[in-house]
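*Asks:* I'd like to go over a predicted model; first the sequence, then the structure.
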Amino acid sequence: MGLHQAMSAAAAPRIVRIVAGMIRNDQGRVLLVRKRGAEVFQQPGGKRDAGDQDDLHTLARELKEELGCTMQRDGAQLLGCFSASAANEPGCVVEAIVYEVRASGPFTACAEIEALQWVDPAQPGDLPIAQLSREQLLPLMIPKP
Ligand SMILES: Nc1nc2c([nH]c(=O)n2[C@@H]2O[C@H](COP(=O)(O)OP(=O)(O)OP(=O)(O)O)[C@@H](O)[C@H]2O)c(=O)[nH]1
């Protein structure tokens, strides 16, 4: 590695690429999850696995693993790609492809998920919420007047 490459590698934050889901209930509340050992709530979702066919496959797999629910591919809506400081990996940046999806419950905390919370996107209150969700994703879910 040359000097320039070494310097930019040292300066560049590591990027954690994920697919994340926004699930809304009938009251307009959005589902957040907290992983075991983590302080903050975030969107359900995760990293792509080698066997995943596409982003929605990754998301459906993660939602099943984390929440035990069944995601409907039909009607999934791409909200965009967003990034922020990663919640649980200091010095890293999370880059998320985000979809709003419907899923059939029940929704239960499974695998590495310790807690679930349905949050009013307009008034998340004092709940500790990861930067990406608090600053970028929840505001997208506030109903427009
Ligand atoms: N899933 C998810 N991860 C987020 C969000 N915001 C955020 O900063 N992250 C960061 O991205 C990381 C993604 O890791 P993950 O644990 O969800 O992914 P994964 O299930 O595939 O992980 P693993 O296979 O390594 O256990 C989280 O540890 C966290 O630091 C978010 O809204 N959803």
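*Replies:* Yes, it's here. Numbers count the residues shown, from 1 in each chain.
*Asks:* Burial check on the residue in the chain that the ligand sits nearest to, number of neighbours?
*Replies:* Scanning the chain for the residue nearest the ligand gives residue 46, at 2.9 Å (criterion: CB to the nearest ligand atom). For every residue, glycine as well, the C-beta is placed using N, CA and C. By other CB atoms under 10 Å, 20 other residues sit near residue 46.
*Asks:* who's it bridged to?
*Replies:* residue 19 (DSSP bridges).
*Asks:* which residues does it contact?
*Replies:* Counting by CB atoms under 8 Å, 6 or more residues apart in numbering, residue 46 touches 18, 19, 58, 62, 65, 66.
*Asks:* Just the buried residues of these.
*Replies:* Buried members of those, counted by 16 or more other CB atoms under 10 Å: 18, 19, 58, 62, 66.
*Asks:* pull the CA atoms of the longest helix seen in the chain into PDB?
*Replies:* When the chain is parsed with DSSP state H, its longest helix is helix 55-67. Extracted C-alpha coordinates of helix 55-67, given in PDB (Å, rounded to 0.1, in the frame of the first residue of the first chain):
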ATOM      1  CA  ASP A  55     -32.500  -6.100  -0.600                       C
ATOM      2  CA  LEU A  56     -36.100  -7.200   0.100                       C
ATOM      3  CA  HIS A  57     -34.900 -10.700   0.700                       C
ATOM      4  CA  THR A  58     -32.400  -9.500   3.200                       C
ATOM      5  CA  LEU A  59     -35.100  -7.400   4.900                       C
ATOM      6  CA  ALA A  60     -37.600 -10.200   5.000                       C
ATOM      7  CA  ARG A  61     -35.000 -12.600   6.500                       C
ATOM      8  CA  GLU A  62     -34.000 -10.100   9.100                       C
ATOM      9  CA  LEU A  63     -37.600  -9.200  10.100                       C
ATOM     10  CA  LYS A  64     -38.400 -12.900  10.500                       C
ATOM     11  CA  GLU A  65     -35.200 -13.500  12.600                       C
ATOM     12  CA  GLU A  66     -35.600 -10.400  14.800                       C
ATOM     13  CA  LEU A  67     -39.400 -10.100  15.100                       C
END
